[in-house]
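Asks: can you look at this prediction? I've put the sequence above it.
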Amino acid sequence: MCIFTATMKIALIGASGLIGNHVLRFLLESSFVTEVRSFGRQELALNHPKLMQSKTDFSDVEDWSLDWQFDVLVCCIGTTRKKTPDLAVYKTIDYGITVRVAQWAKKSSCSSVHLISSISANAKSRNFYLKIKGETEEALSSLGFPSCQIYRPGMLIGKRQESRPAEWVGQKLSPVFDLFTFGGNYHSISAEKLAQAMKNNVEKNPLGNQILHYRDFLLLTK
């Protein structure tokens, strides 16, 4: 079952990242989307009639206006241990910003939230990264959106702005690793294909809470 909307306005956080950049492009190309408002620390080097940009450090989310009416929140924001070695600061970004923006969206007219998470996300995990992802999933799922869509990709394939040697090695080895996943949840996926799956799911606007994995992404991009 889907939430019927002829057209959509989208709020997007994390548009400058690997996935967010592709998501933004696909959303701007969508005939269902009339406006995308990107919230971020830096202005994007992109001009488009559907794109609005709000520059923010996210310190004042609780004071953001509720006057702008929109339908969908897409969360692609995140950091890395290399960029943010302090674990408290890391959690403030990955968990804190995402949850606070989602709380703001819930107070507005927003009916659907889409979150990029990670394979094996688990709030009870001993792994800090997976624990934060799991806690973020639980927080957004509990806010009561009519639709909460969580995406758990495996290894992401794509070129990032910053250097990540370990990830680069992982990407090179992913074709071999994928042979042993048999198309399962841990199979790698290109950031562009994942973004396309997200865009298609945004357009479908399904009701309820869903956790989506690799095979779901394939179905969404057929």
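Replies: Looks like it came in fine. Residues are numbered from 1 along each chain as shown.
Asks: who are the contact partners of residue 145?
Replies: 102, 106, 110-113 (CB atoms under 8 Å, 6 or more residues apart in numbering). Every C-beta, even on glycine, is put in place using the N, C-alpha and C of the backbone.
Asks: among these, which ones are in strands?
Replies: Residues of the contacts of residue 145 located in strands (DSSP state E): 112-113.
Asks: point to the helix or strand of this structure where mean pLDDT is at its lowest.
Replies: helix 165-178 (a mean of 58; mean pLDDT, DSSP states H and E).
Asks: pass me the low-pLDDT residue ranges in the chain, would you?
Replies: Scanning the chain for pLDDT under 70 picks out 2-5, 160-183.
Asks: change it to 80
Replies: 1-6, 158-183 (pLDDT under 80).
Asks: quick one, strands of it?
Replies: Using DSSP E, strands in the chain cover 8-13, 33-40, 51-55, 72-75, 112-116, 147-151, 156-157, 189-190, 208-212.
Asks: want to throw those into a markdown table with mean neighbour count and distance to residue 127?
Replies: A markdown table is the format used below for the strands of the chain (neighbours: other CB atoms under 10 Å; distance: least, CB to CB, whole Å):
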| stretch | mean neighbour count | distance to residue 127 |
| --- | --- | --- |
| strand 8-13 | 24 | 24 |
| strand 33-40 | 20 | 27 |
| strand 51-55 | 14 | 33 |
| strand 72-75 | 26 | 21 |
| strand 112-116 | 25 | 17 |
| strand 147-151 | 23 | 18 |
| strand 156-157 | 20 | 17 |
| strand 189-190 | 20 | 21 |
| strand 208-212 | 16 | 18 |
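Asks: nice, that's everything, thank you.
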